[in-house]
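**Student:** Sequence below, structure please.
(chains A, B and C)
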Amino acid sequence: MKAAEFDYARAGTVDEICRLLADARGEGKIIAGGQTLVPLLVMRLARPALIVDINRVADLAGMAVAGDAIVIKAATRQADALADASVQRAAPLLVKALKMVGHPQTRNRGTIGGSLANADPAAEIGLVGRTLDAAIVARSTSGERVIPISEFFAGAMTTALAPEECLTEIRLPIWRDAGRVGSGFMEMSIRQSDFALVACACQLLLDGSGVCRRVALGIGGAEARPVRAAPVEQRLVGTRLEAADIADATEQLRDALAPLSDTHASADYRRRVAVALAARTIAAARDDARAAGA
Amino acid sequence: MAESAFRYIAKKRRPKEDRRFIAGAARYVADVALPGMLHVALVASPYPFARIRGIDARAALGLPGVRAVVTGADLVAATDAMMSGLDAPKLRRYPLAHQLARYVGEWVAAVVAESRAVAEDAAELVEVDYQPLMPVIDPEAAIKPEAPIVHPDHGSNVLFRKKWVWGPVAEDFAASDHRLAFRARWHRSSTVPIETFGVVAAWDHARQLLDIWASIQMPKYPDQLARALRLPGNAVRVHFDVDVGGSYGVKRGLKHSILAGFIARQLGVPVRLLEDRLENMRGGDAQGPDRIFDIEVAFSKEGIIRALKIRALDDCGAHAGRAPLQLGKPVGAICGPYRVNSVEYEAISVTTNKTPQEAVRGFGQSPTNFALETMMDRVAAHLGLDRIALRRANLIAKDQFPYTIPSGSTYDSGDYHTVLEKALNAADLPALLRQRDGARAAGKLAGIGIACCLEPSGGNSAFEPLFNPKNETTTWMEACSIKIDLYGAVVVSMNTSSSGQGHETLAATVVGEVLERDPETVRVVRADSLSALPSNSPVGSRMAIMLGGAAAGAAKKLKESILAIAAKKLGAPVSELVYQNGDVALRQDPAKKISWDAIAEIAHRKFHELPEGMEPGLQATHVLEVPTGGTLPAADGRVQMYPCYAFETHIVYAEIDRITGQVSLGRYVVGHDCGTMINPDIVHGMTYGGIAHGIGAALYERFRYDDTGQLVSGTFMDYLIPSAHEVPNVEIVDHCTPSPLTAFGQKGSGEAGYLGAPAAISGAVNDALSPLGLKLAELPMTPGLLGDLIATADSKHK
Amino acid sequence: MSRHEISLTVNGRTYRATVPARLTLVDFLREELRLTGTHAGCEHGVCGACSILLDGRAVRSCLMFAVQADGATITTVEGLAPEPGTLSVLQDCFWELHALQCGFCTPGMLIAAQSLLAKSLAPSEQEIRDAIGGNLCRCTGYKQIVEAIQLAAARLSGRNVPANNHG
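**Tutor:** Numbering: from 1, shown residues only, chains lettered A, B, ... in the order given. Next up, the predicted model:
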């Protein structure tokens, strides 16, 4: 399994990346961590004429809180994001998800932006982004644009990025409402570190008396893109998130989802698991919020 | 003999060979690089069944760095067809497809180039004109008269079909209180080593010699390779000192080797053919048993099994491979560890348009054990009996050995009841039952699995004449030579390759034991196939018995020579001498002695002191025929299959997530009796590894084909090998019932764990599902399968 | 086509080479530098046999191109021993507890274990299994590997005296 030939360029700045991609006229592909791109290259399922290496672009690594969001640069290693104190404080849901991403070796090299750009329906990072209503920033020689996450994932393995665009950062909103915030992330994968058949991400807010005032629930792996379970969220707000409330709310998922079927699991299976996993994840997020203290 | 009676055998010892592996200094076939070596990439059929109308390699040959493109026509002209082992002369198989491509991934052309990358570039440019044909994918469909015929010259998709009746089966069924029938399905998996198969071939024109380095584990490999290439056997030299990165049966790469050898001779340049993972999964022809068992069992109301009828249908894939004969080996343990009066066994081997199988660890015994243990659990459930009590009542008792089963094989020794008790005690069955029942009370699906399984060991090709009476073969030997040099250093020569079984340590330990010399001082080397004595490779869990036996035999001969030299030097008969650590002294006067070093010196330099008639030097060879071997099967198929029978009892706790169908394995205990263990760490290691293989076959691994014959699990992303997260901590409880047939009471153990784990895990899952009224006899039991099954049962209850 | 000059340090030694862009790092190490201890088991990033330390982190060398390793500091299994002909404590523990059979996954396992032990000398069993979760083994069932890493952690933190050493 050896890749077909390609040209290689190592960029030093974001502007360079954009220029190289523009010159390649759609035949260029960015390599960040390579954990998903290189298998495609060596299996000859992808044959770009040019590979643009962004691993040495200093401006594309790092994370910091900026206003009401934590901004993570695209080429930040997953392992670094996992270990970062500001990420742990500002995006605990992402931390929970990152623990389930691949293996230590893949996290040492794989990047936050790389996973997003790859757009696997079961990918954890994209699911967290979708759940938290993130914003994706992309740059090209034509300028910069901000893509709401709801528009970012176009389908399985497909994003709204144009071939000459470089994803530069993800902005994850921080919930600053008064109350206790809790999060939960669960997934069903056949082996522990496989891609999820179904994944659930939940972040919620309890007020002083333990009533849920805000909730975001995302489902990954069930459909071609990660989705927000709005009908479920609507049913949960205003309740105390007791077992009956959760069971009642997650029932909405049965009709709301149009799951995929493949060699590993039927559509029915994904639907069933999504409902059950959502309930477990919401309960975990609730417990996390209750434990958070005032 | 008690294990404590040994000095080196059965003691903890660091395996010699480990040192080079931990240093990264081993030499696998991919590490062999010869000057000017060329590389091969394969062009594979995208169709499950197609006529090959033409191959146009012009564009490929035009690429710089490409030296040749080889097709099936070239090989048909210049090589002999690979043998199937069956009496089926019209079944012709060559390394590359010729006229017909019979499975997706079958190799149709080979590109030879200066680098693997360029060879792959060129492979994409080879144009093959295919005419797709209707394929047959399902094995039961393949038997029907209207099915497409995979080998038209053979005339049928049935490669082999035979029914044997051993004992009064019909009468036993008629006389029994009860009978049960069920089907068990073992889907395709395989051992899939982390190293793929590779071969380097170099033709030396000046010496008229073909040198071969390969990741090989195969009996008669040099012979079959030479024969296919139409070379005399002494024109092929296979280097057995290549480290093999795991095999567990499957690394027989004969087609790869014939192809590489052919290219090497054609081009006069060394050639490397190293499968990449995609080639390996689809076109490496190393998939495993794909079996449908239909079983009927007759038993009394007390649960005593009287008779069995077993129909085993195996889907070979597109070529015979070793699949048919893998239906034959289980004849040697066809009723498991139980007393059964009569057995009817029908073996049916069919071709379909899928990848062929290769010999997989246990050679068909693990699927058979899965079927037998499913049967025991079903009988117990039918009668409302405890599964363990049922097994106890049917297990062959300690005082009944040697025990001959209806198919003619005699089990050498065993104490199954004790192993079962030991395992149950170690597992703390009452505590496991409490855990299970507590989990069930909390609404969980929880179960305990128990399996009692045999590991026939020692190897013997008795299934060859059983399946093809024209093949009158009864020799299954192993050889070992030892020499002691002028300065007393010991060199042991073994005659085959190894793939992690610790054979160097095995041989050194045995030789050290007999000669009373520290195994650390014993060097073990491997002959190549020209200098080697006959060997049959590490298959059939045979090497502890056979290499151990041959090494012991050679060492004993040396010891006799040593004593004879000492006798002459000390002027006393051998009966008055004491041998100790290689030195020899007079029993009556220990001060009169001669040292090991002095004896070696006499042997090599002092002919005037050598006993009359003794050859100079100090060396010995022993070639050992397999114990109990040497007899052809009887007309009714009764045959002694393998000599020694190891036994294992698995006890495993499992919970199934009701929604996700995921199985979590908890406490796992295996009681294991393989007689004397020459090196306990090595035996335990293979047992743990065998269990991991078994977990894969039971829960995760499947070569899955869709309706159109495409392999949909052809990479490691979809073919799921258990990682450290999926394999629980296993506790092994050892027991030792020595074999009366071997040098030290050792039995084989290379297949341990794999032969019982799928059966036990299936038992645990079924126990967990039983409150839902569900039964499942199909492997692998994936989350999707279990989740859907449970959901259907749950919705029925609502 | 596209060829690039690289300079990198492997096991303490600096190498300079000109490589095609598509040459993977594992192939470069094995074929160009003849450091054949690192193995390619799947070439698509699942089995872990190709694991190396790149700038101190365990990574899959089959998922990188050699050109990307320009300027990097790499350790392969050949570089784990303190001196030529010796063994590290970790390697010695693998030998002591027979944490291998065919040896093909072993270099990758050692690298993954080394990476863990560099962070923690008291890893739990779960942490050990997490650390080697991306390294597939078909021979051992992982048990003796886990035990060897536990023993190495104990010895490296002075909590265990080595038995008579055959190294």
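
**Student:** Write out the residues of the stretch 151-294 of chain A neighbouring chain C.
**Tutor:** A:192, A:193 (CB under 8 Å from any CB of the partner chain). Placement of C-beta: from N, CA and C, glycine included.

**Student:** In the stretch 151-294 of chain A, mark out all the strands, start to finish.
**Tutor:** A:153-155, A:158-159, A:166-173, A:180-188, A:198-206, A:212-220, A:227-228 (DSSP state E, counting those that start in this stretch).

**Student:** Could you identify which of these is most buried?
**Tutor:** strand A:198-206 (a mean of 28; mean count of other CB atoms under 10 Å in any protein chain shown).

**Student:** how far does that one sit from the chain's center?
**Tutor:** 13 Å (CA atoms, centre = their mean, to the nearest Å).

**Student:** same for it, what does it pack against?
**Tutor:** helix A:92-98, helix A:124-131, strand A:180-188, strand A:212-220, helix A:267-291 (3 or more CB pairs under 8 Å, 6 or more residues apart in numbering or on different chains; DSSP states H and E).

**Student:** 6 Å - rerun?
**Tutor:** If contacts are counted by 3 or more CB pairs under 6 Å, 6 or more residues apart in numbering or on different chains; DSSP states H and E, strand A:198-206 sits against helix A:124-131, strand A:180-188, strand A:212-220, helix A:267-291.

**Student:** What about the closest residue to residue B:543 other than its chain neighbours, how many residues nearby?
**Tutor:** Closest residue to residue B:543 apart from its sequence neighbours, by CB to CB, 6 or more residues apart in numbering or on different chains: residue B:503 at 5.7 Å. As a burial measure, residue B:503 scores 25 neighbours (other CB atoms under 10 Å in any protein chain shown).

**Student:** give me phi/psi at residue B:503?
**Tutor:** Here is the backbone geometry of residue B:503 (degrees, to the nearest 10): phi -70, psi -30.

**Student:** If I look at it, what pLDDT would I see?
**Tutor:** Looking at residue B:503, its pLDDT stands at 98.

**Student:** roughly how far apart are it and residue B:478?
**Tutor:** According to CB to CB, to the nearest Å, residue B:503 and residue B:478 sit 11 Å apart.

**Student:** What of residue B:206?
**Tutor:** Separation of residue B:206 from residue B:478 (CB to CB): 34 Å.

**Student:** what do you get for residue C:137?
**Tutor:** 28 Å.

**Student:** who's more crowded, those two?
**Tutor:** Neighbour count, other CB under 10 Å: between residue C:137 and residue B:478, residue C:137 has more, with 32 against 29.

**Student:** out of everything not next to it in sequence, what's closest to the more buried one?
**Tutor:** Closest residue in space to residue C:137, ignoring its immediate chain neighbours: residue C:105 at 4.5 Å, by CB to CB, 6+ apart.

**Student:** what's near enough to touch that neighbour?
**Tutor:** B:194, C:49, C:135, C:137 (CB atoms under 6 Å, 6 or more residues apart in numbering or on different chains).

**Student:** Then residue B:504?
**Tutor:** Counting by CB under 6 Å, 6+ apart, residue B:504 has contacts B:16, B:17, B:524.

**Student:** in a strand, that's where it is, yeah?
**Tutor:** No: read with DSSP: H, G, I helix; E, B strand; the rest coil, residue B:504 is helix and lies in no strand.

**Student:** Roughly how far does it sit from residue B:664?
**Tutor:** 39 Å.

**Student:** Same question for residue A:248.
**Tutor:** Counting by CB to CB - residue A:248 and residue B:664 are separated by 29 Å.

**Student:** And residue C:85, by the same measure?
**Tutor:** Look at residue C:85 and residue B:664: by CB to CB, they are 45 Å apart.

**Student:** Of these two, which one has the most company?
**Tutor:** residue B:664 (12 against 7).

**Student:** Give me the three-state assignment for the residue nearest in space to the middle of chain C.
**Tutor:** Against the mean C-alpha coordinate of chain C, by CA atoms, centre = their mean, the closest residue is residue C:111 at 2.7 Å. What three-state DSSP gives for residue C:111 is helix.

**Student:** any chance you could map the strands in chain C?
**Tutor:** All strands of chain C, identified by DSSP state E, fall at C:3-10, C:13-20, C:51-54, C:57-60, C:73-75.

**Student:** Figure out which of those strands is closest to residue B:240.
**Tutor:** When these are compared by CB to CB, strand C:51-54 sits nearest residue B:240, at 29.0 Å.

**Student:** Give me the pLDDT for the closest residue to residue A:93 other than its chain neighbours.
**Tutor:** Closest residue to residue A:93 apart from its sequence neighbours, by CB to CB, 6+ apart: residue A:183 at 3.9 Å. On pLDDT, residue A:183 comes in at 98.

**Student:** Next: residue C:50.
**Tutor:** 98.

**Student:** Likewise for residue A:240?
**Tutor:** pLDDT, residue A:240: 97.

**Student:** wait, what's in contact with it?
**Tutor:** A:210, A:211.

**Student:** go on, residue B:364?
**Tutor:** B:289, B:326, B:327, B:329, B:330.

**Student:** and residue B:690, helix, strand or coil?
**Tutor:** Secondary structure, three-state DSSP: residue B:690 is helix.

**Student:** Skipping adjacent residues, who's closest to the residue in chain C that chain B sits nearest to in space?
**Tutor:** Ranked by CB to the nearest CB, the top residue of chain C for proximity to chain B is residue C:37, at 2.3 Å. Distances taken as CB to CB, 6+ apart place residue B:24 nearest to residue C:37, at 2.3 Å, with adjacent residues excluded.

**Student:** Tell me the residues on chain C that lie near chain A, please.
**Tutor:** Residues of chain C that fall close to chain A, judged by CB under 6 Å from any CB of the partner chain: C:1-2, C:21-22, C:43-45, C:51, C:57-60, C:63-64, C:67-68, C:131, C:133-134.

**Student:** Any idea how many residues pack against residue B:468?
**Tutor:** Burial of residue B:468 is recorded as 19 neighbouring residues (other CB under 10 Å).

**Student:** Could you check the pLDDT of residue C:167?
**Tutor:** On the pLDDT scale, residue C:167 gets 40.

**Student:** ugh, wrong one, residue B:3
**Tutor:** For residue B:3, pLDDT reads 59.

**Student:** and the gap between the residue nearest to the spatial centre of chain B and chain C?
**Tutor:** With distances taken as CA atoms, centre = their mean, the residue of chain B nearest its centroid is residue B:361 (3.1 Å). According to CB to the nearest CB, to the nearest Å, residue B:361 and chain C sit 10 Å apart.
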